[in-house]
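>>> I need the structure of the sequence given here:
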Amino acid sequence: MGDRRKAYENGLDAESFVEAWLLDEGWSVLARNWRGGGAELDLIVERAGVVRIVEVKARPDVGDALESVSASKQARLRRGAAAWLAFNEVEVEVAFMIAIVTLNDGLWGLEIWDDAF
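Next comes the predicted model:
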């Protein structure tokens with residue numbers, strides 16, 4: 001299996017891991033891998049009227065994952081969020097959450113950065 005294919009599959013596994021954790025924490029998943037506004041939004045979740053756009057990063061290092069959400073990536077995610085809100089005719093305030101998934105020695109790790117930008 002090629003490196004790109006393996007990275008893609010790891011990303012899907014990480015998204016599923018984050019989705020399960022968010023569900024356990026009482027969030028409802030409104031959308032997964034939604035495309036619009038020139039972006040793909042990994043997860044869109046809601047809890048008690050609060051909506052979060054979740055960017056999932058699967059990386060061996062937390063710092064590397066945070067750096068990968070650059071200013072241009074943030075702008076793309078904002079455009080995608082605006083498109084999702086318009087498409088669904090929803091008028092709520094949203095914030096962005098970064099979920100960093102690590103896998104070390106066969107154990108999943110998760111670090112959440114809520115209201116990240």
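>>> any stretches of this structure with poor pLDDT?
The model of the chain has pLDDT under 70 over residues 1.
>>> redo that, cut-off 80
Residue ranges of the chain with pLDDT under 80: 1-3, 6-8, 60-66, 104, 106.
>>> which strand is the longest one in it?
The residue-count maximum for a strand in the chain (DSSP state E) belongs to strand 94-104.
>>> what does it rub up against?
Residues outside strand 94-104 that contact it (Cβ atoms under 8 Å, 6 or more residues apart in numbering) are 10, 14, 17-18, 21, 43, 45, 50-62, 65-66, 69, 74, 77-78, 81, 85, 108-117. Using the backbone N, CA and C atoms, a C-beta is placed for each residue, glycine as well.
>>> check stretch 57-71 too.
So stretch 57-71 is contacted by 10-11, 13-14, 55, 98-104, 111, 113, 116-117 (Cβ under 8 Å, 6+ apart).
>>> which among those residues end up buried?
Buried by 16 or more other Cβ atoms under 10 Å: 14, 55, 98, 99, 100, 101, 102, 113, 116, out of the contacts of stretch 57-71.
>>> any chance of CSV for those, columns distance to residue 3?
Conversion of the buried ones among the contacts of stretch 57-71 to CSV gives the following (distance: Cβ to Cβ, whole Å):
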residue, distance to residue 3
14, 16
55, 22
98, 23
99, 23
100, 20
101, 18
102, 18
113, 27
116, 28
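>>> quick check: the two most widely separated of the contacts of stretch 57-71?
Greatest spatial distance among these (Cβ to Cβ): 104 and 117, at 26.4 Å.
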